[in-house]
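Colleague: Return atomic coordinates for the entry below.
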Amino acid sequence: MIEYLHDTIGDRVKIAATSEVAGYEAANLHDGNLWTFWRATGTGTQDLTWDMGSGLAFQADYLVIARADLLKEAGSTVVVQHSPDASAWTDAFTAVAMGIIETLPGPVGKHWYKSFASQTKRAWRVRITGSSKIPQMSGVWLGKKLTLSRTVTDTIEQGVSRSNRGFDWASRWEWLTEADAKALVAYFAAVTPGWPGEAVLETPAGALWGTRPHWLYDTDGMHFRGEGDAAPLLLHVQLFNPEEVRTIKVLDPENKLHVAPAIFREVR
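Modeller: Below you'll find the model as predicted:
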């Protein structure tokens, strides 16, 4: 199964941190760049907080931390908490001691994914405690995951893997339900919000502009570079071809709904 992790509270409201070092501000956690970082000023309890404001709420059921290997190295403990009033806080799951996690999901083994029971609350925060070194990380995504009743039919590897990015992946869906097809098109629209007025552009070095970085979580590793390994994969990707995938199409005599193959670029 593939989980599509593009919805994040950082797109709705500004993040606030207990502390931050100049040049390593918490705002870096939402720029989609794995090479910019938030860094605390000390090893004490650190909160990364989002407050939607009175009368508003946000639904979430997953957390992704980019460069969680740095929290693992620091021996940090991590938990997501939510609040109806930005005052009284409840844990979304049992706090996780990063230092005892044996391995982080492939293919790079540096990022962490956590799913939890869905809640809709005014305020959310990631609390980091117990660090033996100053905690830092490069990104955080907290939001509502998308899952489909029908998963990817097949995924084809394209191009050449490089140090700053992995392969391009052409993923195909067939015989979708109407609900799944609409959900996919809405997801593609969310990660390429400027299209068609703003095309996705590629630099000579292979960087993409006009498409938002997000995550795909392959629960059994069988769809993206799994090779029968049955190990989860967490891929940081950008959508390459919005012009082809943002329309539902009927492509066979049985009137089954299809979406054209999506090309994802893995960004490292």
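
Colleague: residue nearest the centroid of this structure?
Modeller: Trp215 (3.6 Å; C-alpha atoms, centre = their mean).

Colleague: show me the contacts for that residue.
Modeller: Trp215 makes contacts with 5-6, 64, 111, 113, 141, 234-237, as judged by C-beta atoms under 8 Å, 6 or more residues apart in numbering. For every residue, glycine as well, the C-beta is placed using N, CA and C.

Colleague: can you do 6 Å?
Modeller: In this structure, Trp215 makes contact with 5, 64, 236, judged by C-beta atoms under 6 Å, 6 or more residues apart in numbering.

Colleague: isn't the last one right up against Val267?
Modeller: Yes - at 5.3 Å, His236 counts as touching Val267 under the criterion of C-beta atoms under 6 Å.

Colleague: following the helix or strand containing Val78, which helix or strand comes up?
Modeller: Using DSSP states H and E, Val78 maps to strand 77-83. Using DSSP H and E, the helix or strand that follows strand 77-83 in sequence is strand 90-91.

Colleague: got the domain boundaries for the protein?
Modeller: Domain assignment of the chain by automatic domain parsing yields the ranges 2-143, 154-267.

Colleague: rank those domains by pLDDT, which is bottom?
Modeller: Out of these, domain 154-267 stands lowest, with a mean of 83 (criterion: mean pLDDT).

Colleague: ok now that domain, how far from the chain's centre?
Modeller: In terms of C-alpha atoms, centre = their mean, to the nearest Å, the centre of domain 154-267 is set 14 Å apart from its chain centre.

Colleague: now swap in stretch 42-53 and tell me
Modeller: Put simply, stretch 42-53 sits 19 Å off its chain's centre (C-alpha atoms, centre = their mean).

Colleague: What of stretch 26-38?
Modeller: Relative to its chain's centre, stretch 26-38 lies at 13 Å (C-alpha atoms, centre = their mean).

Colleague: buried sites along it?
Modeller: Along stretch 26-38, these residues count as buried under the neighbour rule (16 or more other C-beta atoms under 10 Å): 26, 28-30, 32, 34, 36-38.

Colleague: cool, stretch 172-191 as well?
Modeller: Result for stretch 172-191 [16+ other C-beta under 10 Å]: buried residues 173, 176, 180-181, 183-184, 187-188, 190-191.

Colleague: Give me the residues contacting it.
Modeller: 4, 6, 146, 148-150, 153-154, 212, 214, 239, 242, 245-246, 248, 256-259, 261.

Colleague: what about 7 Å?
Modeller: Here stretch 172-191 makes contact (C-beta atoms under 7 Å, 6 or more residues apart in numbering) with 4, 6, 146, 148-150, 152-154, 211-212, 214, 239, 242, 245-248, 256-259, 261-262.

Colleague: Which of the helices or strands spans Val140?
Modeller: Counting by DSSP H and E, the element that carries Val140 is strand 139-143.

Colleague: That strand: partners in the sheet, and parallel or antiparallel?
Modeller: As defined by DSSP bridges, the strand partners of strand 139-143 come to strand 58-66 (antiparallel).
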